[in-house]
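Asker: Sharing a model that was predicted from the sequence below.
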Amino acid sequence: MTHAQVHHITHPLVQHKLTLMRDRNASTTTFRTLLGELSMLMAYEVTRDMPTQMVEIETPLEKMQSPVIDGKKLVFASILRAGNGMLDGLLRVVPNARVGFVGLYRDPATLQAVHYYFKMPADMDERDVIAVDPMLATGHSAVAAIDKIKSVRPRSIKFLCLLAAPQGIATLQAAHPDVAIYTAAIDRELNSHSYILPGLGDAGDRIFGTK
């Protein structure tokens, strides 16, 4: 995948932790811990181009101008429920970031996304959004979530996931070509139930131990 808007994060630590997460024998606790660590590592990549401003500080030796980010302008938008598993790691890196929520479920018959909850901070026109969901499978949920996020007119939007399928990338790019995708892996395909192969199973179930 060579599209400029798709960023495949290949750092060895990211790939190592993802391999451990894929293992079917990883416990819920192990999976959750690895997801937090992996989210922290990916946060460095997805925030690489965050704007900074110069402030004056005083070191033990002298005054100087030095760059800082305004974390309050950043919003991590969790696509429920699995997106919540990534928040702790992301907020460890940018603790001042705001958090929004997009509640969606996939209709089992049509596989289309259905909205049930939406909550974002105020003044979204001044904020940059990173939408988070561990899996980009069919892409329908991601498209529906970003449709909803765009309705509050944020300054910019990125999409961050652990795994992406080629179909999901194509669907999201077709609907929202302006939204950059950051992922730790681009897997082979979807199966007949729209699960990513080889994948890591149902991320929500593995995070919360519901299966």
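Answerer: Yep, it's here.

Asker: top helix in the chain by residue count?
Answerer: The helix of greatest length in the chain, counted in residues with DSSP state H as the criterion, is given as helix 28-46.

Asker: Just the residues contacting that one, thanks.
Answerer: Among residues not part of helix 28-46, those counted as contacts by Cβ atoms under 8 Å, 6 or more residues apart in numbering are 7, 9, 11, 13-14, 17-18, 20-21, 26, 85-90, 92-94, 130, 132, 134, 158, 160, 162, 182, 184, 206-209. Heads up, the C-betas are built off the backbone N, CA and C, glycines and all.

Asker: One more pass at 6 Å, please.
Answerer: The contact list for helix 28-46, computed with Cβ atoms under 6 Å, 6 or more residues apart in numbering, reads 9, 13-14, 17, 20-21, 85-86, 88-90, 92-93, 130, 158, 160, 182, 206-207, 209.

Asker: okay, that helix in CSV with CA atoms only?
Answerer: Provided in CSV are the C-alpha atoms of helix 28-46 (Å, rounded to 0.1, in the frame of the first residue of the first chain):
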residue,chain,number,x,y,z
THR,A,28,-6.9,-10.8,28.4
THR,A,29,-4.5,-9.1,30.8
THR,A,30,-1.6,-9.6,28.5
PHE,A,31,-3.6,-8.4,25.5
ARG,A,32,-4.7,-5.2,27.3
THR,A,33,-1.2,-4.4,28.6
LEU,A,34,0.3,-4.8,25.1
LEU,A,35,-2.4,-2.7,23.6
GLY,A,36,-1.6,0.1,26.0
GLU,A,37,2.1,-0.1,25.2
LEU,A,38,1.5,-0.3,21.5
SER,A,39,-0.9,2.7,21.6
MET,A,40,1.8,4.7,23.3
LEU,A,41,4.3,3.8,20.6
MET,A,42,1.9,4.6,17.8
ALA,A,43,1.0,7.9,19.4
TYR,A,44,4.5,9.2,18.6
GLU,A,45,4.0,8.5,14.9
VAL,A,46,0.4,9.9,14.6
